[in-house]
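Q: Sequence unavailable; structure follows:
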């Protein structure tokens, strides 16, 4: 193997057609961070590994370092999560929001983050195996991924002064829970059950999270979605599809 060739594992985040037969694949890897690479000829019916490069797929691959984009030369499937995920629309929309979230949180390519990769893999696996309700998996993932990125939603203490709660008021722009001294107009007052769910999703307490009623899940989802999009500074269409499922 020459010094221009390297190998890694990856989760496929998205694909984009290129020319008549090629495709640009966006990948998250544990050792090389986010990568955009070209898969030559994968749209041809005789392609050796086109089906292995679908979003949600967990793969082992070899790449060749190119001038602008690296080139995928070998692909082996580790777990074809996409085959299960695409069979359920609710799971699919929530799983797409997972991929959109990490794609936006890790804007810079080539910066490894093993913790973020491990978290995403766990969330995709949970979606594919039906470990919990899809919206709960998604919202727990968003809270944890944002915490790793340095944007933790304050749930147990005031986001402004740090005084330990419980607090009643929530202000997304200020970072989460706010005490009576720090709160400003325009905030929310979530239900007690919503506060409990937010805390459970943040720390991974599934015994509490799995018991949450639909109105509680709906309110928590709205808060988490608003918090993420506030920091990303642009809307995410995939989150709208998830929210529409909770209110329909």
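A: Received, thanks. Computed from a predicted structure; not experimentally measured.
Q: who does the lengthiest helix in the chain touch, helix- and strand-wise?
A: Across the chain, the longest stretch assigned as helix under DSSP state H is helix 214-232. Where contact means 3 or more C-beta pairs under 8 Å, 6 or more residues apart in numbering; DSSP states H and E, helix 214-232 is packed against helix 89-105, helix 134-148, helix 192-203, helix 237-247. The C-beta positions use only the backbone N, C-alpha and C, and glycine is treated the same way.
Q: hmm, 7 Å instead?
A: helix 134-148, helix 192-203, helix 237-247 (3 or more C-beta pairs under 7 Å, 6 or more residues apart in numbering; DSSP states H and E).
Q: quick one: the shortest one to helix 89-105, angle?
A: Helix 237-247 and helix 89-105 meet at an angle of 150 degrees, taking axes from the mean of the first three to the mean of the last three C-alpha atoms, to 10 degrees as the criterion.
Q: mind starting the numbering at 771 from now?
A: OK, 771 is where the count begins now, so the last one is helix 1007-1017.
Q: List the contacts of residue 911.
A: Residues counted as contacts of residue 911 (C-beta atoms under 7 Å, 6 or more residues apart in numbering) are 868, 889, 893.
Q: quick one: average confidence on the longest helix of the chain?
A: The pLDDT scores in helix 984-1002 average 95.
Q: who touches it?
A: The contact list for helix 984-1002 (C-beta under 7 Å, 6+ apart) reads 871, 874, 905-906, 909, 912-913, 916, 921, 923, 940, 942-943, 960-961, 963-964, 967-968, 971, 1005-1006, 1009, 1013, 1016-1017.
Q: How about stretch 786-794?
A: Residues outside stretch 786-794 that contact it (C-beta under 7 Å, 6+ apart): 785, 806, 808-814, 839.
Q: just to revisit the earlier point, by neighbour count, which of the contacts of residue 911 wins?
A: Neighbour counts for the contacts of residue 911 (other C-beta atoms under 10 Å) peak at residue 868, which has 27 neighbours.
Q: Now the buried members of the contacts of stretch 786-794.
A: Neighbour counting with 16 or more other C-beta atoms under 10 Å marks 785, 806, 808-809, 812-813 as buried within the contacts of stretch 786-794.
Q: Pick the one among those closest to residue 821.
A: Nearest to residue 821 among those is residue 812, at 8.8 Å by C-beta to C-beta.
Q: Contact partners for the closest one?
A: Going by C-beta under 7 Å, 6+ apart, residue 812 touches 792-793, 819-820, 823.
Q: mind checking how far the residue most central in space within the chain is from residue 903?
A: Geometric centre of the chain, nearest residue: residue 868, 2.7 Å, by C-alpha atoms, centre = their mean. Using C-beta to C-beta, to the nearest Å, residue 868 is found at 14 Å from residue 903.
Q: re earlier: which among the contacts of residue 911 gets closest to residue 950?
A: Residue 950 has its nearest neighbour among those in residue 889, at 34.2 Å by C-beta to C-beta.
Q: Tell me the helices and strands packed up against the helix-or-strand element of the chain with minimal mean pLDDT.
A: Sorting the helices and strands of the chain by mean pLDDT, DSSP states H and E puts helix 1007-1017 at the bottom, at a mean of 81. Packing contacts for helix 1007-1017, counted by 3+ C-beta pairs under 7 Å, 6+ apart, involve helix 859-875, helix 904-918, helix 984-1002.
Q: other SSEs contacting the first one?
A: Contact analysis of helix 859-875 by 3+ C-beta pairs under 7 Å, 6+ apart lists strand 775-788, helix 851-855, helix 884-899, helix 904-918, helix 1007-1017 as its packing neighbours.
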